[in-house]
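In: sequence and predicted model, in that order:
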Amino acid sequence: MIRYLARLAACLMAALCVTVAASLPATADIKDVDRATLNKMIGDYIRANPEVVREALLALAEREDAARREQAMFILKSDDGDPFIGNPDASFVIYEFSDYNCGYCKRVFKPLQDLIAEDGDIKLVIKEFPILSESSLLAAQAGIAAQAQGVFEDFHIAMMTSRGAISMDSILAAAESAGADLGRLQTDMKGPAVEAIIARTRAAAQQLEISGTPGLVIGRQVIPGAISLDQMRDIIAAERAADS
């Protein structure tokens, strides 16, 4: 926070110096103006035009927020290796930050499945975001490893429809029912590729200020928490219309 405020202040002073310098006589050299005089001119200008400070701070905050969001979207859309369901070549992509121990993720599971079933131009990318427990991390690792074997969808369905606490046994049972090679799965779960994908998801969540699950990114909209199928349809329609 201190570094952020210092950066704001520096930018503001630079902007004000330009403004004040512009108000000096055309023949004046800024180097010839006494520093104390210049500081007094800046202070007088701020006191006479206090709205300039607010406008400069707001403009800088907006630029930094836009840059942060652009970086977040870049990280989010760098989804090579992330599990997904739906049309791999779809023109519309939904991202879901999800934890297999999250009850609300299980609540939004069916609406998302229904959405994919009714709209063939949607790809749902599951951003494995294990935040609730150690078993969440194991399940996230298994989900990414299942994607590498091409059996993620069945694994995901098994995990999202299961009842009871998640354990390594229940994770392996879901993977086996999906047709995974369990030996390869357990090796891949601990591999650097899976670790890198989860780290990338954490970075995207931090940039997007997503701290819980589920977290949905539909087009340009970041939605914390579960929403209904009708709400999803409305958001998708609005986003598609905005892009047309």
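Out: Done, it's in. None of these values were measured; they are calculated from a predicted model.
In: what sits against the closest residue to Glu128 other than its chain neighbours?
Out: Nearest non-adjacent residue to Glu128, counting by Cβ to Cβ, 6 or more residues apart in numbering: Ala140, 3.7 Å away. Where you see a C-beta, it was placed from the backbone N, CA and C, and this is true even at glycine. Ala140 makes contacts with Asp99, Tyr100, Glu128, Phe129, Pro130, Ile198, as judged by Cβ atoms under 8 Å, 6 or more residues apart in numbering.
In: helices or strands up against the helix or strand harbouring Ile198?
Out: Assigned by DSSP states H and E, Ile198 falls within helix 192-208. Other elements packing on helix 192-208 under the criterion 3 or more Cβ pairs under 8 Å, 6 or more residues apart in numbering; DSSP states H and E are helix 51-77, strand 122-128, helix 134-148, strand 215-218.
In: who wins for most neighbours among the contacts of Ala140?
Out: The most neighbours of any of those, using other Cβ atoms under 10 Å, belong to Tyr100, which has 27 neighbours.
In: so what's it up against?
Out: Neighbour list for Tyr100: Pro130, Ser135, Ser136, Ala139, Ala140, Gly143, Met159, Met160, Ile166 [criterion: Cβ under 8 Å, 6+ apart].
In: swap the cut-off to 6 Å and go again
Out: Neighbour list for Tyr100: Ala139, Met159, Ile166 [criterion: Cβ atoms under 6 Å, 6 or more residues apart in numbering].
In: measure Met41 to Leu60 for me?
Out: According to Cβ to Cβ, to the nearest Å, Met41 stands 22 Å off from Leu60.
In: before we move on, which element is Met159 in?
Out: Judged by DSSP H and E, Met159 forms part of helix 152-161.
In: list the helices and strands the helix or strand following that helix packs on?
Out: Downstream of helix 152-161, the next assigned helix or strand under DSSP H and E is helix 168-177. Using 3 or more Cβ pairs under 6 Å, 6 or more residues apart in numbering; DSSP states H and E, the elements in contact with helix 168-177 are helix 134-148, helix 152-161.
In: thank you kindly, that will do.
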